[in-house]
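Enquirer: Got a sequence here, can you build the structure:
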Amino acid sequence: MAKRVSYQEFTFEEYINEQQIHDVVKNIATQIEEDLKDEKPLFIGILNGSFRFLNDLFSNFTMDCEVEFIKLKSYESTESTGKITELIGLRDSLKGRTVVVVEDIIDTGLTITNVINDVLALDPKEVKIATMFLKPDIYKGALVPDYVGMEVPPEFIIGYGLDIDGLGRNLNSVYKKIDSVSLEHSKKKGMLNIVLFGPPGCGKGTQSAVLKDKYDLVHISTGDVFRGLDPESELAKLAKSYADKGNLVPDDITIKILQSEVKKHPNAKGVIYDGFPRTSAQAEALDVFLKSKGGSVTCMLELEVEEEELRSRLKGRALDSGRPDDADPAVIQNRIDVYNSQTAPVAAFYKEQTKHKSVNGVGSVEEVSERLFQNLEEVVA
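Expert: A predicted model of the protein is given here:
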């Protein structure tokens, strides 16, 4: 019987043993030596996860080389670039150097893309990517890793530097989670993750409040979260600069903030995501994040309202809220256009997972609420 370990309420079963890992790392080291035999490469490991892989890779490397570690510091911005990550430990210049960026695992590709962009800005001669694990079913990045130890399915794994809330990194083998959370189990525990979807002005905020009370859920609205930031913080100013023009806040900012917000409610029976995800990358990142917590999106409920009605509602809302972005017709139209071009396609992501439900958003609050109840009960019945 395969070895098993338990962390929190989850059980993990040995998936890749220590000898397999050793053989894979040695093979990657050999490949890199053959490719870079005339170079003195600089290995850059991304903390925290890569320390095990890079240590073993380094010990199998026989030619001259150097090694450094960097760490991503979140919630920092650089004027209007839209970035919220700063690479701590990265030297000022890499001019003329051959660099191998080392990661423990690549899933969506958001982290490695940010890192490579910053490394390239320092003028290296060449940059290569080495990762111990790659999840090809999740990875959507444009960069192709040069060295991949093993491709793994989109399951949650720990060990050999990979963790669950900081635990399990010291395991010498890799273990995959064998517990599954069924919809019936989710209903019993109240673990509902509802994506309430629709264009600006469709009534997401109003209906979220109704669903929150009926099912005792946490309501997380991207708009409320951004507006609740310290107005003097760089992050708040950056988010406001996008929202004021009716544009979407960049994915990396939104994802990091939403994950932080969810972690504030560890004992919640479930969450209503209002205004998130707004792009396919955000939807993929949400799936990965929820899987790491042993859950998944229960369903997407999409409120459908015609554009003319949306414009009318937003103009009326401006009289009550005083929000300038609701009062400017040009901003209103841009928000609708951005939704149609960038956000509406997210529905296809959940349709492919058979988790999408269309709901008529026109009518009284009570009428729309009843339609939502009926659709949600069909999913968790």
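Enquirer: buried residues in stretch 301-316?
Expert: Under the neighbour-count criterion of 16 or more other CB atoms under 10 Å, stretch 301-316 has 301, 302, 303, 305, 310, 311, 313, 314 buried. Quick note: C-beta positions are derived from backbone N, CA and C, even for glycine.
Enquirer: Kindly reformat those residues as a markdown table containing pLDDT, distance to residue 31 and secondary structure.
Expert: Converted to a markdown table, the buried residues of stretch 301-316 look like this (pLDDT from 0 to 100; distance: CB to CB, whole Å; DSSP: H, G, I helix; E, B strand; the rest coil):
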| residue | pLDDT | distance to residue 31 | secondary structure |
| --- | --- | --- | --- |
| 301 | 94 | 48 | strand |
| 302 | 90 | 47 | strand |
| 303 | 91 | 51 | strand |
| 305 | 87 | 55 | coil |
| 310 | 84 | 54 | helix |
| 311 | 81 | 58 | helix |
| 313 | 82 | 58 | helix |
| 314 | 80 | 56 | helix |
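Enquirer: May I see those arranged in TSV, with distance to residue 374 as well?
Expert: Shown next, in TSV, are those (distance: CB to CB, whole Å):
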residue	distance to residue 374
301	11
302	14
303	14
305	18
310	23
311	28
313	23
314	27
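Enquirer: How far off centre is the one helix or strand residue 103 maps to?
Expert: According to DSSP states H and E, residue 103 maps onto strand 98-106. Here strand 98-106 is found 19 Å from its chain centre; the criterion is CA atoms, centre = their mean, to the nearest Å.
Enquirer: ok, then the element right after that strand?
Expert: Following strand 98-106 toward the C-terminus (DSSP H and E): helix 110-120.
Enquirer: List the buried residues of the helix or strand that that following helix is followed by.
Expert: Following helix 110-120 in sequence order, the next helix or strand is strand 126-134 (DSSP H and E). Burial within strand 126-134, assessed by neighbour count using 16+ other CB under 10 Å, is assigned to 127, 128, 129, 130, 131, 132, 133, 134.
Enquirer: Any chance of those in JSON lines with pLDDT as columns?
Expert: Below are those laid out as JSON lines (pLDDT from 0 to 100):
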{"residue": "127", "pLDDT": "94"}
{"residue": "128", "pLDDT": "95"}
{"residue": "129", "pLDDT": "95"}
{"residue": "130", "pLDDT": "95"}
{"residue": "131", "pLDDT": "94"}
{"residue": "132", "pLDDT": "94"}
{"residue": "133", "pLDDT": "93"}
{"residue": "134", "pLDDT": "90"}
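Enquirer: now, the most widely separated pair of the residues you listed?
Expert: Greatest spacing in those, by CB to CB: 127 and 133 (19.8 Å).
Enquirer: hang on, the earlier thing: in its sheet, which strands sit next to the strand holding residue 103, and in what direction?
Expert: strand 42-47 (parallel), strand 126-134 (parallel) (DSSP bridges).
Enquirer: what angle do the helix or strand following the shortest one and strand 98-106 make?
Expert: Next helix or strand after strand 42-47 toward the C-terminus (DSSP H and E): helix 51-59. Interaxial angle, helix 51-59 versus strand 98-106 (axes from the mean of the first three to the mean of the last three CA atoms, to 10 degrees): 140 degrees.
Enquirer: Now do the buried residues in the helix or strand following helix 51-59.
Expert: Later in the chain than helix 51-59, the nearest helix or strand by DSSP H and E is strand 66-74. Neighbour-count burial for strand 66-74 flags 67, 69, 70, 72 (criterion: 16+ other CB under 10 Å).
Enquirer: Run the angle between strand 66-74 and helix 110-120 for me.
Expert: Strand 66-74 runs at 120 degrees relative to helix 110-120, counting by the same axes, to 10 degrees.
Enquirer: centroid residue for the chain?
Expert: Geometric centre of the chain, nearest residue: residue 285, 2.6 Å, by CA atoms, centre = their mean.
Enquirer: who touches the residue nearest to residue 31 when sequence neighbours are not counted in this structure?
Expert: Among residues not flanking residue 31 along the chain, residue 147 sits closest, at 5.9 Å (CB to CB, 6 or more residues apart in numbering). Shown in contact with residue 147 (CB atoms under 8 Å, 6 or more residues apart in numbering): 28, 31, 32, 100, 128, 129, 130, 131.
Enquirer: any idea how far residue 147 lies from residue 164?
Expert: Separation of residue 147 from residue 164 (CB to CB, to the nearest Å): 26 Å.
Enquirer: Span of stretch 210-230 from start to end?
Expert: Using CA to CA, to the nearest Å, one end of stretch 210-230 lies 28 Å from the other.
Enquirer: Need the residues that contact that stretch.
Expert: Contact partners of stretch 210-230, identified using CB under 8 Å, 6+ apart, comprise 190, 192, 194, 196, 204-205, 208-209, 235-236, 239-240, 243, 249, 254, 257-258, 261-262, 265, 268-276, 278, 365, 369, 372-373, 376.
Enquirer: what's the answer for stretch 162-170, then?
Expert: Here stretch 162-170 makes contact (CB under 8 Å, 6+ apart) with 5, 7-8, 10, 12, 48-49, 52, 104-105, 133, 156, 158-161, 174-175, 292.
Enquirer: quick one: buried residues of it?
Expert: Neighbour counts over stretch 162-170 (16+ other CB under 10 Å) mark 162, 163, 164, 168, 169 as buried.
Enquirer: what about the last one, is that helix, strand or coil?
Expert: Think residue 169. Assigned with DSSP: H, G, I helix; E, B strand; the rest coil, residue 169 falls in the coil class.
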